[in-house]
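Chemist: sequence and predicted model, in that order:
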Amino acid sequence: LDTIAPSFYAAKSRWSDAPNMQAHYEDLARTFEENGSSLIELCKSFLEMVCITVVNELGGNLPASSTPTTTELLGCALDALGLRNERGASALGKVISGYNKLADGLSEVRNQDGSVAHGKAGFLDVMSDRHARVYLLSADTIISLILNAYEGVEPSILHTRYQYHNDKIDAGTAVNAEV
């Protein structure tokens, strides 16, 4: 998994003290290695977890809906990162629009082909490895965009609670005392 889709591991490493992310990554890695049936659902929920974590750390706003879509969560993360989609008004807007379309596609595939999404009949064919890999790489691409944009953003000290940021803040702070 780490060779094919390194952004999942990068997110896990970024928030190494986030227990839910660590457990989710282990589930995803095990499912990938064993050709498990819930790969699509785990990829989608991991992507959503990254989006929510970034929004929370930056003090951004999550959607008001109790069941936001992956695309809505991605939009919130991109807004928090300062990468607002300008709907094709600029070259960057066109690229961001492509990421939104990827997120929409991931949701559609999950709802249609995800074997554990909303319950499925026991005799449905499982998704081919080739299609599962496309899904995995699509989610990895979106996570990569978020993590790379996040690298240059200062976290809000009012909202962060992860050791990575605490260490980063501590490294930039110096106190001199004289007696």
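Modeler: Done, it's in.
Chemist: flag the shaky bits of this structure, pLDDT-wise.
Modeler: Counting by pLDDT under 70, the low-confidence segments of the chain come to 85-94, 109-130, 154-169, 174-175.
Chemist: can you give me the strands in this structure?
Modeler: Per DSSP state E, the chain carries no strands over any range.
Chemist: my guess is residue 52 contacts residue 73, does it?
Modeler: Yes - with contact defined as C-beta atoms under 8 Å, residue 52 counts as touching residue 73 (6.3 Å). Yep, even glycine has a C-beta here, placed from its N, CA and C like the rest.
Chemist: between those two, which one's more packed in?
Modeler: Comparing residue 52 with residue 73 by other C-beta atoms under 10 Å, the one with more neighbours is residue 73, at 21 against 16.
Chemist: the closest residue to that one other than its chain neighbours: what's it in contact with?
Modeler: Nearest non-adjacent residue to residue 73, counting by C-beta to C-beta, 6 or more residues apart in numbering: residue 51, 4.0 Å away. Taking C-beta atoms under 8 Å, 6 or more residues apart in numbering, we find residue 51 in contact with 70, 73-74, 76-77, 146.
Chemist: picking up where we left off before, give me the common contacts of residue 52 and residue 73.
Modeler: Common contacts of residue 52 and residue 73 (C-beta under 8 Å, 6+ apart): residue 62.
Chemist: alright, I will stop here.
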